[in-house]
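S.K.: Predicted coordinates and the sequence they were generated for:
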Amino acid sequence: MSEALLSQLLATTTGLLLVTAILQVWRQSLGASLRVLAVQGAALGGLVAVLGVDHGAPEILLVAVLVLAMKAVAIPWALSRTAAATGAVREQSPLVNPTAALLAATALTVLAYVAGRPIVAVAEGPAANAVPVGLALVLIGFLVLLTRRSALSQLIGFVILDNGIAATAFLTSGGVPFVVELGVTLDLLLVVLILRVLTSRLRSAHGGIDLDQLTELRD
């Protein structure tokens, strides 16, 4: 694969990762957020596939298929089932309004590019230039975790954070072993399934999945 084509494909997939992360900050509809999360998972799978083709490594292509199946299909499906089971439709009362959240996401993206300069300066190749996008996803995932009250919205933030870590790992190392990625992805899916049960129990006990309801002790 030529360097120009590689750079274009990396720019497309990482740009889609960043755009979907920023959309997660802005959107408050859980259904729309889950669709955006599926697109982000597909973009991550595409990124891994591009790296696999560039390196001529069949095992990385297997990882790309795994990432696509888990993060673009299985995890969004599990979260959508959770939303249906709990009756959650949208984030009711985020800690910050969408405008302020977008400004914060922009600032975190700039911070990620500043923090990623040493990596870009030391590493060589188009993949290294895209590392700040992975760092931005990590920071935006933390932002969603910290500013949302709904357990389901916070779980979406956790998945964004994991996607950022995975993207950074692939861009800096050119890929991770299939068994390692399989273990990490299955762990993430297990966490999602466990939290699906917990959110259902939370709704049964408290009538909702707003975590602020757990800050008060009751007899």
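M.R.: Ah, there it is.
S.K.: for stretch 72-92, which positions count as buried?
M.R.: Buried residues in stretch 72-92, counted by 16 or more other C-beta atoms under 10 Å: 72, 74-76, 78-80, 82-83, 86, 88, 91. C-beta here means a position set from N, CA and C on the backbone, and glycine is covered the same way.
S.K.: Please report phi then psi for the spatially most central residue of the chain.
M.R.: When the chain is reduced to its mean C-alpha position, the nearest residue by C-alpha atoms, centre = their mean turns out to be Ile160, at 1.9 Å. In terms of degrees, to the nearest 10, the main-chain angles of Ile160 are phi -60, psi -40.
S.K.: who touches it in this structure?
M.R.: Shown here is Ile160, whose contacts under the criterion C-beta atoms under 8 Å, 6 or more residues apart in numbering are 21, 24, 37, 40, 137, 140-141, 144.
S.K.: Now, of the residues you listed, which are buried?
M.R.: Of the members of the contacts of Ile160, the ones counted as buried by neighbours, 16+ other C-beta under 10 Å, are 21, 24, 37, 40, 137, 140-141, 144.
S.K.: which among these gets closest to Thr109?
M.R.: Ranked by distance to Thr109 (C-beta to C-beta), these are led by Ile140 at 7.5 Å.
S.K.: In what element of secondary structure is the nearest residue to that closest one once chain neighbours are set aside found?
M.R.: Spatial nearest neighbour of Ile140, excluding adjacent residues (C-beta to C-beta, 6 or more residues apart in numbering): Ala21 at 4.5 Å. When secondary structure is defined by DSSP states H and E, Ala21 falls within helix 3-26.
S.K.: Now that helix: buried residues?
M.R.: Buried residues in helix 3-26, defined by neighbour count with 16+ other C-beta under 10 Å: 6, 9-10, 13-14, 16-18, 20-25.
S.K.: got those residues as a markdown table, with pLDDT and distance to Ala101 columns?
M.R.: A markdown table is the format used below for the buried residues of helix 3-26 (pLDDT from 0 to 100; distance: C-beta to C-beta, whole Å):
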| residue | pLDDT | distance to Ala101 |
| --- | --- | --- |
| Leu6 | 85 | 33 |
| Leu9 | 91 | 30 |
| Leu10 | 91 | 27 |
| Thr13 | 94 | 24 |
| Thr14 | 93 | 21 |
| Leu16 | 95 | 20 |
| Leu17 | 95 | 18 |
| Leu18 | 94 | 15 |
| Thr20 | 95 | 15 |
| Ala21 | 94 | 12 |
| Ile22 | 93 | 9 |
| Leu23 | 92 | 11 |
| Gln24 | 90 | 10 |
| Val25 | 89 | 5 |
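S.K.: For the chain, which segments count as helices?
M.R.: Listed from the start of the chain, the chain has helices (DSSP state H) covering 3-26, 30-55, 58-69, 75-86, 98-115, 117-122, 126-129, 131-147, 151-173, 178-206.
S.K.: check contacts around Leu145.
M.R.: With C-beta under 8 Å, 6+ apart, Leu145 has these contacts: 154, 157-158, 161.
S.K.: Let's see that with 6 Å instead.
M.R.: With contacts taken as C-beta atoms under 6 Å, 6 or more residues apart in numbering, Leu145 has the following neighbours: 154, 157.
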